[in-house]
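>>> need coordinates for the following:
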Amino acid sequence: MSTILYFVTALILTTRVPPMAWIQYTAPYNNLEICQQYIEHNRGSMLLTIGAYFNKDLVSVEKFECLTRQEAVDRNTKLGH
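Here you go, the predicted model:
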């Protein structure tokens, strides 16, 4: 049985086309609860990091979730990526 890896993932709204996208951090978590705790404790710094990275293209960060890579790919496909 393989381990399921979760990644901190943010749904962002930008001025780019398509405007919405799920972006993922690169550090994996093999425990969903630990990933969710990371979001709870680091939400502020993650908002700042995303804002700095996307600069003027960022409109808003809609939400954070812990997703697998495939879940993020599937959601981005539905958004037109």
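>>> how about residues contacting stretch 42-49?
Applying Cβ atoms under 8 Å, 6 or more residues apart in numbering, the external contacts of stretch 42-49 come out as 8, 10, 25, 39, 61, 64. For glycine as for every other residue, the C-beta is placed from the backbone atoms N, C-alpha and C.
>>> for G51, give me its contacts.
Residues near G51 by Cβ under 8 Å, 6+ apart: 58, 61.
>>> distance of it from G44?
11 Å (Cβ to Cβ, to the nearest Å).
>>> check H81 too.
H81 is 27 Å from G44, by Cβ to Cβ.
>>> quick one, which of those two is more surrounded?
H81 (12 against 8; other Cβ atoms under 10 Å).
>>> quick one, strands of the protein?
6-14, 20-29, 58-67 (DSSP state E).
>>> most tightly surrounded among those strands?
A comparison of those by mean neighbour count, using mean count of other Cβ atoms under 10 Å, puts strand 6-14 on top with a mean of 20.
>>> may I have that strand as CSV, with CA atoms only?
What follows is strand 6-14, C-alpha atoms only, in CSV (Å, rounded to 0.1, in the frame of the first residue of the first chain):
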residue,chain,number,x,y,z
TYR,A,6,-1.0,15.8,0.9
PHE,A,7,0.2,19.3,0.0
VAL,A,8,-0.8,22.7,1.3
THR,A,9,-2.8,24.1,-1.6
ALA,A,10,-4.4,27.5,-2.2
LEU,A,11,-7.1,28.6,-4.5
ILE,A,12,-6.1,31.9,-5.9
LEU,A,13,-7.8,34.5,-8.1
THR,A,14,-5.5,36.4,-10.4
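>>> quick one: pLDDT of the nearest residue to L11 once chain neighbours are set aside?
Excluding its sequence neighbours, the residue lying closest to L11 (Cβ to Cβ, 6 or more residues apart in numbering) is E62, at 4.3 Å. Per-residue pLDDT puts E62 at 98.
>>> so how far is I50 from E62?
Distance of E62 to I50, computed by Cβ to Cβ: 11 Å.
>>> overlap of the contact sets of those two?
With Cβ under 8 Å, 6+ apart as the test, E62 and I50 both reach 10, 12.
>>> all good on my end, thank you.
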